[in-house]
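# generate coordinates for the sequence data below:
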Amino acid sequence: MLIAEDHESVARQLRSLLEVECDVIDVVSDGKSLVAVVESLKPEVIVSDISMPGLDGLAAARIILERHPNARIVFVTVHDDRAMAQRALRLGALGYVLKNDAGEELLNAVRAAQAGQQHLSESIRLRLI
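Numbers count the residues shown, from 1 in each chain. A predicted model of the protein is given here:
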């Protein structure tokens, strides 16, 4: 598991939440580092913020999925926006979880991604119907 989150306190919270069930191999704070670490460590699942300095999470995901079409990406984000969620899913993300829902839904999204399945925060899922 690799985490990409530019806010240190949020990164610590995500790591704490995920380490209950997952081996977190690294935490990075920007999209460029995310792409580089994916190349070197080939994580099973990537949990990434969307808004990060430099290369954002969506742009990094596009590069990663071009190079590694089977990469499993779960976005965890504040973007409670139907268009943003659709864009992430069209790129090939398997998960889209709002940060406000992460405590309840992020582990479920990671489990789904590990199984090659999709998981969306309920509020986003209802908007996509």
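
# right, and residue 99 touches residue 80 too?
No: look at residue 99 against residue 80 with C-beta atoms under 8 Å: they stay out of range, at 9.3 Å. (Glycine included, C-beta is placed from N, CA and C.)

# with neighbour numbers in mind, choose between those two.
Neighbour tally, residue 99 and residue 80, criterion other C-beta atoms under 10 Å: the higher count belongs to residue 99, 19 against 15.

# residues contacting that one?
Taking C-beta atoms under 8 Å, 6 or more residues apart in numbering as the criterion, residue 99 is in contact with 10, 76-78.

# and if we set it to 10 Å?
5, 7, 10, 13-14, 49, 76-80, 106, 121 (C-beta atoms under 10 Å, 6 or more residues apart in numbering).

# could you export those residues to CSV, including columns for pLDDT and distance to residue 59?
What follows is the contacts of residue 99, written out as CSV (pLDDT from 0 to 100; distance: C-beta to C-beta, whole Å):
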residue, pLDDT, distance to residue 59
5, 98, 16
7, 97, 19
10, 97, 20
13, 97, 24
14, 97, 20
49, 98, 12
76, 98, 17
77, 96, 14
78, 95, 17
79, 92, 14
80, 91, 20
106, 97, 22
121, 91, 22
